[in-house]
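# Sequence first, predicted model second:
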Amino acid sequence: MRLLGILLIVFGVVVLGYGGMSYTKARHSTNIGPVQVSTTDKGFVTPAAGAIAVVVGIVLVAVGRRQAV
């Protein structure tokens, strides 16, 4: 659990540092004869999601530390 917590903290700090992150996801690719048709979805990870990831990461690290003792 500690490793997952640390990864969430790092991800959250990066998202907060950039003020959010955008991403593109490829979807549905189809060939119609010689033509290829594909679509993409664009998304955005908000800074609020980064803050939540940091808080959850801290909780997981604290729980993992408490179990180790």
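Looks like it came in fine.
# going forward, measure contacts between C-alpha atoms and count neighbours the same way
Will do.
# Which pLDDT does the model give Leu3?
pLDDT recorded at Leu3 is 93.
# Looks to me like it is in a helix.
Yes - applying DSSP: H, G, I helix; E, B strand; the rest coil, one finds Leu3 inside a helix.
# Give me the longest helix you can find in the protein.
helix 47-68 (DSSP state H).
# Show me what that one is packed up against.
Contacts defined by 3 or more Cα pairs under 8 Å, 6 or more residues apart in numbering; DSSP states H and E place helix 47-68 against helix 2-18.
# what's the least confident helix or strand in the protein, going by average pLDDT?
Sorted by mean pLDDT, DSSP states H and E, the helices and strands of the chain end with strand 21-32, the least confident at a mean of 86.
# So what touches that strand?
With contact meaning Cα atoms under 8 Å, 6 or more residues apart in numbering, strand 21-32 is reached by 15, 36-46.
# same thing but at 6 Å, please
36-45 (Cα atoms under 6 Å, 6 or more residues apart in numbering).
# phi, psi of the residue of the chain most remote from its centre?
Centroid-distance maximum for the chain: Gly33 at 37.0 Å, with Cα atoms, centre = their mean. The phi/psi pair for Gly33 (degrees, to the nearest 10) reads phi 60, psi -130.
# any low-confidence regions in the protein?
Counting by pLDDT under 70, the chain contains low-confidence ranges at 68-69.
# redo that, cut-off 90
For the chain, applying pLDDT under 90 flags the ranges 1-2, 25-40, 64-69.
# sorry, back to before: partners of the least confident helix or strand of the chain in the sheet?
Paired strands of strand 21-32, with direction, are strand 35-45 (antiparallel) (DSSP bridges).
# neighbouring contacts of the strand it pairs with?
Applying Cα under 6 Å, 6+ apart, the set of residues contacting strand 35-45 is 20-30.
# One more pass at 8 Å, please.
15, 20-31.
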